[in-house]
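A.B. asks: What shape does this take:
(one chain, ligands or ions: 1)
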Amino acid sequence: MVQSMAKHPNVQAIRAARAYTIDEAANALRINEVTIRAWIKCGLPAMTTSRPFLILGEDLRGFVLDRRAKAKAKLSSDELLCLTCKAARKPFGMLVDLHLQNGKTARLVGLCEVCGGTCSRMISQAKLGDFGGIFDLGTNAGLQA
Ligand SMILES: [Zn+2]
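C.D. replies: Okay, here's the model as predicted:
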């Protein structure tokens, strides 16, 4: 019997004041241990100096809620996602560098007008025309002053 995977892990099941092993955290959230391990690699704070690794309930809750907020962050056509603010932001001066990926997608990279950090967005190359009308698109070669 495969354990059913919760689409939205229930953070209410996590007690902020206790520490969880990976196994306990996975059980409490009813998700796979592999997911918890992946989260640790993606920045979920864990005490990894000795085994078993321990995760503070408070950190676990915060991480899940943060991921949820990011997943919900809907970008308007003139916004990128700022990695520092973790929010939708307009790029400074509406300037973005265009990085073409494989044949289908492109990454728009700009500087957050709020914090100055990197903000980016993946788009379909089919929509380049639309975004070209909104942003001032540079290329990998860099912008000439
Ligand atoms: Zn920012």
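
A.B. asks: So which elements touch the helix or strand of the chain with the lowest mean pLDDT?
C.D. replies: Counting by mean pLDDT, DSSP states H and E, the chain has its least confident helix or strand at helix 57-72, which shows a mean of 83. Packed against helix 57-72 by the contact rule (3 or more Cβ pairs under 8 Å, 6 or more residues apart in numbering; DSSP states H and E) you find strand 19-20, helix 22-29. C-beta coordinates here come from the backbone N, C-alpha and C atoms, glycine included.

A.B. asks: what sits up against the shortest one?
C.D. replies: Outside strand 19-20, the residues that touch it by Cβ atoms under 8 Å, 6 or more residues apart in numbering are Ile14, Ala28, Met47, Leu54, Ile55, Leu56, Gly57, Leu60.

A.B. asks: Farthest-apart pair in the residues you listed, please.
C.D. replies: Ala28 and Met47 (17.1 Å; Cβ to Cβ).
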